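Trainee: Predicted coordinates and the sequence they were generated for:
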Amino acid sequence: MSRLGVLLLSLLFALQAQAALQASVDRTRLEAGETLELTLESQDVTQFGKPDLSALEADFEVRGTRQLNSLHTLDGETRASTRWIITLLPRRSGSLRIPVLQLGQTLSQAIELQVQASDASRPDSAAKVFIEAALDSASVYVQAQAVLTVRIYHSVSLYNDSSLSPLLLDTAKVEPLGESRTYEKEINGVRHGVIETRYVIYPQQSGPLELPPLTFTATAAEEAEPQNGMARVGKQVQVSSLPLRLEVRPVPAEYPPGAAWLPARSLTLEERWNPDPASQPTQIGDSLTRSITLRAEGLSSTQLPPLPATEVRGLRRYPDHPQLRNEFNDRGMTANREEREALVPTHSGSLELPAQDVTWWNTREDHLEHSSLPARTLSVLDNPALAAETPLGDTAGRTGPVWPWQLSTLVLALTTALGFALWWRARARPAVPRAAQSGPSPRSLLDDLKRACLANDPQATRQALDAWARQQPETLADIAARFVPLSTALDALNGALYSESGQYWQGDELWRAIGTIPPAEQAVALPSEPGSLPPLYPK
């Protein structure tokens with residue numbers, strides 16, 4: 001096939017990939033009577049019709065459809081897309097399947113759903129506004145994940161001034177699990193709107209954990225007609241959930257005492273190479289990029305420990321900063337930690353890379369497990385373009401001329417003597433004043449961070465913290481991974497930045513956590529003033 005034919009075929013495949021009809025839902029697990037949103041998206045600008053929804057009628061009732069057209073720019077290229085957001089009500093409970101849907105010549109993928117039987121025995125189901133809270137498990141291990149789901153039901157319209165009290169726990173980390181979701185649900189023949197908010201809870205000590213009631217406040221629209229030409233104001237409603245109790249179990253006795261405690265539903269290790277040494281030969285001086293991803297379901301990314309470094313004789317290692325990422329799904333949070341390093345062979349021969357092993361506790365099956373990557377052997381060849389170094393294990397029995405070493409030793413001695421003479425002469429001269437440091441000083445950055453923390457301003461604290469961290473010898477993520485108080489305070493700050501509870505954030509915990517960092521970890525001491533924290537560099 002000619003080069004032009006290959007190019008046209010690749011272009012055809014690319015156009016078909018862009019024209020595909022992508023299907024997604026806002027959740028895959030729901031109760032009978034609840035609605036869900038199905039989103040169909042197409043980037044094919046030649047399609048002017050609507051998707052054929054007739055295949056949905058057997059298992060779903062289509063409650064509404066709205067269309068959104070958008071333009072977005074990616075890598076300098078402007079693309080148009082069309083989305084159809086379809087509200088569906090399942091006709092029955094059990095395992096349902098959203099079938100393949102068609103738009104012109106393009107087809108979507110099928111999606112599996114689980115529809116559970118609804119609980120019609122809610123005590124407040126007759127009220128116009130009521131709230132319920134539920135945990136996904138009554139008992140978890142310490143530092144393991146528990147998911148709290150809070151649902152507010154309302155059969156009347158609510159104004160947009162509604163609020164939910166924050167979930168504050170002294171002995172547990174709390175993070176919102178994605179954005180709040182809204183849908184509809186029929187209860188005893190009455191259609192209710194539902195506002196669903198979910199949290200992940202990580203208890204930090206064993207024993208019973210009491211979850212306090214959460215209070216929802218809103219203004220409900222009155223159904224009466226306006227009187228005397230004046231519209232009636234809404235009625236404020238306030239409802240609270242029941243308190244909950246979570247039993248927190250300690251670390252099992254059979255868990256290895258020296259290993260990091262990792263209670264997860266599943267944990268995997270994945271390895272990627274670029275280029276892959278198994279598919280092409282490796283020579284001295286070649287750069288190999290090795291990426292190892294640790295993925296754990298039921299943990300936060302800050303709980304994942306660093307992986308052992310690849311320390312192999314004959315292999316230079318250039319590590320990159322670890323990439324931490326959290327994913328949200330119906331079961332909770334999934335943590336990802338990716339560690340990437342460049343490996344450059346300096347010797348020919350066989351280089352043995354040790355196996356990677358991570359110990360963890362399977363909370364789903366309640367037993368100890370190990371996830372590992374097998375050991376790998378790199379076969380390194382001599383590079384004709386470089387002066388190859390001596391292969392590993394092949395240094396015996398080789399001799400060479402002695403005069404190059406004698407010459408280099410003489411040159412080194414002369415340069416050392418010259419340098420000593422210049423140093424002795426420079427002692428009598430005045431020292432050259434140091435150039436003024438550009439930009440803010442470390443002390444001023446630390447003062448800005450303290451003011452932002454004590455003012456309880458999460459946005460200003462985040463900016464001041466980033467500016468302070470840029471002058472530290474390590475990244476903020478590396479420091480937090482080794483100091484638990486700082487990691488806890490950062491989790492609280494991130495929770496305040498990305499949730500509705502930001503106005504309740506208190507910054508003194510973060511300021512105290514900065515003070516717990518040992519002196520060698522910081523570039524500047526804390527200002528010593530009455531009532532402040534002890535200085536990091538005591539005199």
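Mentor: Good, I have the coordinates.
Trainee: what are the ranges of the helices in the protein?
Mentor: 3-18, 403-426, 442-454, 458-469, 476-482, 484-497, 508-515 (DSSP state H).
Trainee: quick one: low-confidence ranges for the stretch 1-150 of the chain?
Mentor: Segments of the stretch 1-150 of the chain classed as low confidence (criterion: pLDDT under 70) are 1-19, 45, 47-48, 74-76, 118-126.
Trainee: Which parts of it are strands?
Mentor: Applying DSSP state E, counting those that start in this stretch to the stretch 1-150 of the chain gives strands spanning 22-25, 29-31, 36-42, 60-74, 77-90, 94-98, 102-103, 106-107, 111-116, 129-135, 139-141, 146-154.
Trainee: Can you add distance to residue 178 and mean neighbour count and give the helices of the chain back as JSON lines?
Mentor: C-beta: built from backbone N, CA, C; applies to glycine. Below are these laid out as JSON lines (distance: least, CB to CB, whole Å; neighbours: other CB atoms under 10 Å):
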{"stretch": "helix 3-18", "distance to residue 178": "28", "mean neighbour count": "10"}
{"stretch": "helix 403-426", "distance to residue 178": "63", "mean neighbour count": "10"}
{"stretch": "helix 442-454", "distance to residue 178": "27", "mean neighbour count": "19"}
{"stretch": "helix 458-469", "distance to residue 178": "19", "mean neighbour count": "18"}
{"stretch": "helix 476-482", "distance to residue 178": "22", "mean neighbour count": "17"}
{"stretch": "helix 484-497", "distance to residue 178": "13", "mean neighbour count": "19"}
{"stretch": "helix 508-515", "distance to residue 178": "24", "mean neighbour count": "18"}
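Trainee: As a markdown table, the ones you listed with distance to residue 163 would be great.
Mentor: Shown next, in a markdown table, are the helices of the chain (distance: least, CB to CB, whole Å):
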| stretch | distance to residue 163 |
| --- | --- |
| helix 3-18 | 42 |
| helix 403-426 | 69 |
| helix 442-454 | 25 |
| helix 458-469 | 18 |
| helix 476-482 | 31 |
| helix 484-497 | 15 |
| helix 508-515 | 24 |
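Trainee: how about the strands of the stretch 1-150 of the chain, which one is nearest residue 463?
Mentor: In terms of CB to CB, the element of the strands of the stretch 1-150 of the chain nearest to residue 463 is strand 60-74, at 27.6 Å.
Trainee: so what's residue 292 up against?
Mentor: By CB atoms under 8 Å, 6 or more residues apart in numbering, residue 292 lies in contact with 269, 270, 271, 307, 338, 339, 340, 356, 373.
Trainee: of these, the lowest pLDDT goes to which?
Mentor: pLDDT is lowest at residue 307 among the contacts of residue 292; the value there is 89.
Trainee: Bridging across strands, which residues link to the closest residue in space to that residue that isn't next to it in sequence?
Mentor: Leaving aside its chain neighbours, residue 307 sits nearest to residue 339 (5.3 Å; criterion: CB to CB, 6 or more residues apart in numbering). Beta-bridge partners of residue 339, counted by DSSP bridges, are residue 292.
Trainee: Check residue 317 too.
Mentor: Taking DSSP bridges, one obtains residue 343 as the residues bridged to residue 317.
Trainee: how close does it sit to residue 101?
Mentor: According to CB to CB, to the nearest Å, residue 317 and residue 101 sit 50 Å apart.
Trainee: which one of those two has more residues nearby?
Mentor: A direct count of neighbours by other CB atoms under 10 Å for residue 317 and residue 101 places residue 101 higher, at 22 against 13.
Trainee: Could you pull up the contacting residues of the closest residue in space to the more buried one that isn't next to it in sequence?
Mentor: Closest residue to residue 101 apart from its sequence neighbours, by CB to CB, 6+ apart: residue 108 at 4.6 Å. Shown in contact with residue 108 (CB under 8 Å, 6+ apart): 20, 21, 22, 23, 40, 51, 100, 101, 102.
Trainee: Select only the buried ones of these in PyMOL?
Mentor: Here is the PyMOL command that selects only those of these that count as buried (16 or more other CB atoms under 10 Å):
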select buried, resi 20+21+23+40+51+101
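Trainee: could I get the contacts of residue 108 as JSON lines with distance to residue 203?
Mentor: Below are these laid out as JSON lines (distance: CB to CB, whole Å):
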{"residue": "20", "distance to residue 203": "44"}
{"residue": "21", "distance to residue 203": "44"}
{"residue": "22", "distance to residue 203": "39"}
{"residue": "23", "distance to residue 203": "38"}
{"residue": "40", "distance to residue 203": "41"}
{"residue": "51", "distance to residue 203": "46"}
{"residue": "100", "distance to residue 203": "44"}
{"residue": "101", "distance to residue 203": "43"}
{"residue": "102", "distance to residue 203": "49"}
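Trainee: Of the helices of the chain, which is nearest residue 327?
Mentor: Closest to residue 327 of the helices of the chain is helix 484-497 (CB to CB; 15.5 Å).
Trainee: Taking their axis directions, the closest one and helix 508-515 sit at what angle?
Mentor: If you take axes from the mean of the first three to the mean of the last three CA atoms, to 10 degrees, helix 484-497 sits at 140 degrees to helix 508-515.
Trainee: Any idea how many residues pack against residue 86?
Mentor: If you count neighbours by other CB under 10 Å, residue 86 ends up with 23.
Trainee: Point out where the stretch 151-300 of the chain drops to low pLDDT.
Mentor: Ranges of the stretch 151-300 of the chain meeting pLDDT under 70: 222-233.
Trainee: Okay, buried residues for stretch 313-331 please.
Mentor: By neighbour count on 16+ other CB under 10 Å, the buried set for stretch 313-331 is 314, 315, 322, 324, 326.
Trainee: Go ahead and confirm the last one touches residue 333.
Mentor: If I follow you right, that is residue 326. Yes - contact status for residue 326 versus residue 333: in contact at 5.5 Å, counting by CB atoms under 8 Å.
Trainee: so what sits against both of the two?
Mentor: Both residue 326 and residue 333 are in contact with residue 300, where contact means CB under 8 Å, 6+ apart.
Trainee: Alpha carbons of stretch 442-451, as PDB, please.
Mentor: Only the C-alpha atoms of stretch 442-451 are listed here, as PDB (Å, rounded to 0.1, in the frame of the first residue of the first chain):
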ATOM      1  CA  PRO A 442      11.700  33.000  53.200                       C
ATOM      2  CA  ARG A 443      10.700  34.800  56.400                       C
ATOM      3  CA  SER A 444       8.200  37.000  54.600                       C
ATOM      4  CA  LEU A 445       6.600  34.000  52.900                       C
ATOM      5  CA  LEU A 446       6.300  32.300  56.300                       C
ATOM      6  CA  ASP A 447       4.800  35.400  57.800                       C
ATOM      7  CA  ASP A 448       2.200  35.500  54.900                       C
ATOM      8  CA  LEU A 449       1.400  31.800  55.600                       C
ATOM      9  CA  LYS A 450       0.900  32.400  59.300                       C
ATOM     10  CA  ARG A 451      -1.400  35.400  58.700                       C
END
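Trainee: Cool, thanks, signing off.
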